[in-house]
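>>> any chance you can model this:
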Amino acid sequence: MSRAGLTTANDPSLQDDVTHLQEIVDPETNFRAVAGFTAKLVTVLAFGLSAYHFYTAGFGVLTEVIHRSVHLAISMALIFLLFSRADSQWSVRSTISTAFFSACYLWISWKAWSALGLAASSPDTIFFWGAVAVIVFLSLPNVRGNRAAAAADKGIGITYYLMMLLAASFSVYLIVFFKEIFIARVGQPIARDYLMGALAMILVAEATRRTIGAALPAIGMFCLFYAVAGPELPAEIAHRGFSMPRIINHLYLGTEGIYGVATGVVATFVFHFILFGVVAQLSGLGQLFIGLSTAIAGRFSGGPAKVSVVASSMFGMISGSTVANTVTTGSLTIPLMKKAGFRAPFAGAVEASASAGGQITPPIMGAAAFVMAESLGIPYVELILIAILPAAFHYLSVLLSVHFEAKRLGLGALPDEEIPSALAVARQYWHLALPPIVMVTLLLMRFTPFIAAFWGIILVVLVSYVPLAARYAGMPGLVKGEGGHVLTPRRIVEAFEEGARFTLVITATCACVGFILGTVTLTGIGFKLSAAVLSAAHAGADMIAFLDPFDLIDSRGAILFCALVLTAVACILMGCGIPTVPLYIILSAIVAPALYEFGVPLLATHFAVFYFGLLSDLTPPFALAAFAGAALAQADPMRTAFISFRLSIAKLLVPFMFVYSPALLLIDFDPVTFAFALGSGILSILSLAIGFTGFAFRPLGAVQRVVLLLCGLCLVFDQVQTIIVAGLVSLAIIVNNLLVARREARGAAA
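Presented below is the predicted three-dimensional model:
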């Protein structure tokens, strides 16, 4: 963070520590170690995948199904090379998990094969059941135990190469036989098509299980069971039921399942921006963000914590991962926060909560924003404008909490010698700002996201040579210092390989999300879930009416409040451990429709579920970002997670604000309504920050804190009388606290 601190980003030992921590906390980077031929094969496949996407970004994609199939074929092959078995050794948990998934794989295989009526001795049958046997066997925990598995990590057996080929085969099959399947005999699949589809479903589930664990693939398996067992289920969720071949046709041979919208957005949008982020980080862009953040926020009370908030907002826009953002910026900011006097859990929580906002911060907002723009059918430029205020609310909440905590502890700014001037930082790293500026400009000019990423990557490579070119041109003053690293051809290969690696988890989860989305479109379960939420919301509203004798909240507001609470709980639970892009796709397809029943605008529902879902990285007991912050701070993980959730309370309440007041999202914009909603929103965040901290200008009593918290919650509603009463009470407590603090200060001075 200081002039010396800025160079720690280049410290190899620090980078190794960060990488190790990220591998422990973040499943997206938990790759197996490979060497020899396998390492070379991984490099070739990963670089080839990135190069393919880079080329198609600039020169156009292939046919939709073929493009997605190429992406999935290479990605699946890499997954089975780079991710070990889901369980490393036998235990009670692994036994239960293995038994469940093995049973599911065999059930899918039997239902598909038996429905086709193939002879047991036919070549298709022999290949199919042989492949299933290999998959089931290699999904079992390693019988040799952890030590033997670790020793074998770098050298994998022939069975793993066989698994790699099987994983790629079902996508290669669609590429090779594209004309026959989708043109010559469209709508009339043959037995081999169905068998390859059954293998595709099994392999996608196993790939997801290896990358992020059992939760999401288990949901996918239950979705398949639900699609088959419809007539046998209770009337509330029953449907006519579908055969396994019909399900395979829907999920494999169309664009509603495995090769549906979820896989499509990864192959068309997400990949390019992850690749841009990796290349930009290797060029030293993170150092520019850290330096500017220190210059901007380091001079204020609680300087290190505020630097963390500002830096994380900048870095998070391009990282695409809350956990990656936390461990990268947190490795620099958390030690400084602790040194300044902040408690370890609070320091870890600040970094985690700030990092969780990067993906909602314009103008880039992470890859999920492009998916949202595509889903809603609105220009990305409009989405940027709409997202400004919600993001500002989130960071206002974190900054106010940091400020009042610093005041409570009596902490000051960073020492002057540790604060670089903004001009000095700009002179050292100005060239690194050009690629994101150009990329955002292209987006604002309504170029496609992949064109913007294409030119952004090219510019990152070019500007990395600016310091070198300046020295050779005899103009060393053009760029002070090295300004990052030169992206030589070898480092470009490394960047492309790393970029492809970081997309593997998202690809697997998005393919598995296809099970869920396909089941929703096939069975209509979405309408039944909406009806269940509507019924529960009315029941909750009746309880609120019983507890509200003064009718401060009308029936519509109470029903909508309960629906939002139920939606928030569902989003947080479903979001545990799932990357942002597939999480948004799931929530927008399954949870968001429940809010349509209450007349909530489409844009507001999508923003609401997106914000709620992102909270899963901070919400116990699956708070991955908070746990990463706790590990860096050497603090208690659960305590850090609870503080992270408290600091990000605005992210929980902001959806309530713009659902009750759509004018905050520029929907049916009216200046008076907008100003009133803006004022009540700011006062709500201020009241909650003071109430949770217990300090404004002096310590607050327990009763005052509880009243402020209640008033902060009431201020999110859209009823004028409720807002006025809550606002006046909050202001009275805050002003009284200020007057008492001044009176005490005068008394102490006298």
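>>> just the CA atoms of stretch 420-439, as CSV, please.
Taking C-alpha atoms only, stretch 420-439 is exported to CSV below (Å, rounded to 0.1, in the frame of the first residue of the first chain):
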residue,chain,number,x,y,z
PRO,A,420,1.6,7.9,-2.8
SER,A,421,0.3,10.9,-4.7
ALA,A,422,-2.3,10.2,-7.3
LEU,A,423,-0.2,11.9,-9.9
ALA,A,424,2.8,9.7,-9.1
VAL,A,425,0.7,6.6,-9.5
ALA,A,426,-0.8,7.9,-12.7
ARG,A,427,2.6,8.6,-14.2
GLN,A,428,3.9,5.2,-13.3
TYR,A,429,0.9,3.1,-14.5
TRP,A,430,-1.1,5.4,-16.9
HIS,A,431,-0.6,3.1,-19.8
LEU,A,432,-2.3,0.2,-18.0
ALA,A,433,-5.5,2.2,-17.8
LEU,A,434,-5.9,2.4,-21.5
PRO,A,435,-7.2,-1.2,-22.2
PRO,A,436,-10.2,-0.9,-19.7
ILE,A,437,-10.9,2.6,-20.8
VAL,A,438,-11.0,1.5,-24.5
MET,A,439,-13.1,-1.5,-23.6
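>>> tell me who's in contact with residue 526.
520, 589, 590, 593 (CB atoms under 8 Å, 6 or more residues apart in numbering). Where C-beta positions appear, they are placed from N, C-alpha and C, glycine not excepted.
>>> and the residues you listed, which is closest to residue 50?
For the contacts of residue 526, the minimum distance to residue 50 (CB to CB) is 28.6 Å, reached by residue 589.
>>> ok, and what's touching the helix or strand containing the closest one?
In the assignment (DSSP states H and E), residue 589 maps to helix 580-590. With contacts defined as CB under 8 Å, 6+ apart, helix 580-590 is touched by 261-262, 265-266, 270, 320-322, 359, 366-368, 371-372, 375, 506, 509-510, 512-513, 516-517, 520, 526, 529, 571, 574-575, 578, 606, 609-610, 612-614, 616.
>>> neighbour-wise, which one of the contacts of residue 526 leads?
residue 590 (22 neighbours; other CB atoms under 10 Å).
>>> ranges for the helices of the stretch 251-400 of the chain?
Counting by DSSP state H, counting those that start in this stretch, the stretch 251-400 of the chain has these helices, from start to end: 261-265, 271-282, 285-297, 303-319, 322-340, 344-355, 367-376, 380-409.
>>> show me what the last one is packed against.
With contacts defined as 3 or more CB pairs under 8 Å, 6 or more residues apart in numbering; DSSP states H and E, the packing partners of helix 380-409 are helix 303-319, helix 344-355, helix 367-376, helix 434-444, helix 602-614, helix 637-647, helix 649-660, helix 671-693.
>>> and the helix holding residue 589 with helix 322-340, angle?
120 degrees (axes from the mean of the first three to the mean of the last three CA atoms, to 10 degrees).
>>> okay, the angle between helix 580-590 and helix 367-376?
Going by the same axes, to 10 degrees, helix 580-590 makes 30 degrees with helix 367-376.
>>> can I get the CA coordinates of helix 580-590 in CSV?
C-alpha atoms of helix 580-590 as CSV (Å, rounded to 0.1, in the frame of the first residue of the first chain):
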residue,chain,number,x,y,z
THR,A,580,-21.8,-15.9,-10.2
VAL,A,581,-22.8,-16.5,-13.8
PRO,A,582,-24.6,-19.8,-13.4
LEU,A,583,-26.0,-18.6,-10.1
TYR,A,584,-27.7,-15.6,-11.8
ILE,A,585,-29.0,-17.9,-14.6
ILE,A,586,-30.6,-20.3,-12.1
LEU,A,587,-32.1,-17.6,-10.0
SER,A,588,-33.5,-15.6,-12.9
ALA,A,589,-35.1,-18.7,-14.3
ILE,A,590,-36.5,-20.3,-11.1
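>>> after that helix, next one along is what?
Next helix or strand after helix 580-590 toward the C-terminus (DSSP H and E): helix 592-596.
>>> for that following helix, buried residues please.
For helix 592-596, the buried set under the neighbour-count rule, 16 or more other CB atoms under 10 Å, comprises 592, 593, 594, 595.
>>> can you pull out the helices in the stretch 401-550 of the chain?
422-429, 434-444, 449-463, 466-472, 489-523, 525-547.
>>> out of those, nearest to residue 134?
That would be, of those and by CB to CB, helix 489-523, which comes in at 18.7 Å.
>>> that older thread, out of the helices and strands packed on helix 380-409, which is closest to residue 76?
helix 367-376 (20.2 Å).
>>> any idea how far residue 170 is from residue 112?
Using CB to CB, to the nearest Å, residue 112 is found at 13 Å from residue 170.
>>> please apply the same query to residue 517.
Counting by CB to CB, the gap from residue 517 to residue 170 is 18 Å.
>>> common neighbours of residue 112 and residue 170, please.
If you check residue 112 and residue 170 against CB under 8 Å, 6+ apart, the residues they both contact are residue 197.
>>> save the helices of the stretch 251-400 of the chain as CSV, and put in mean pLDDT too.
Shown next, in CSV, are these (pLDDT from 0 to 100):
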stretch, mean pLDDT
helix 261-265, 85
helix 271-282, 86
helix 285-297, 79
helix 303-319, 75
helix 322-340, 78
helix 344-355, 85
helix 367-376, 77
helix 380-409, 83
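>>> highest mean neighbour count out of the helices and strands packed on helix 380-409?
helix 344-355 (a mean of 31; mean count of other CB atoms under 10 Å).
>>> output that one as PDB, restricted to C-alpha atoms.
Listed next in PDB are the C-alpha coordinates belonging to helix 344-355 (Å, rounded to 0.1, in the frame of the first residue of the first chain):
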ATOM      1  CA  ALA A 344      -8.700  -9.300  12.800                       C
ATOM      2  CA  PRO A 345     -12.300 -10.500  12.100                       C
ATOM      3  CA  PHE A 346     -13.300  -7.000  11.200                       C
ATOM      4  CA  ALA A 347     -10.300  -6.600   8.800                       C
ATOM      5  CA  GLY A 348     -11.100  -9.900   7.000                       C
ATOM      6  CA  ALA A 349     -14.800  -9.000   6.900                       C
ATOM      7  CA  VAL A 350     -14.200  -5.600   5.300                       C
ATOM      8  CA  GLU A 351     -12.100  -7.100   2.500                       C
ATOM      9  CA  ALA A 352     -14.700  -9.800   1.900                       C
ATOM     10  CA  SER A 353     -17.700  -7.500   1.900                       C
ATOM     11  CA  ALA A 354     -15.900  -5.000  -0.300                       C
ATOM     12  CA  SER A 355     -14.900  -7.700  -2.700                       C
END
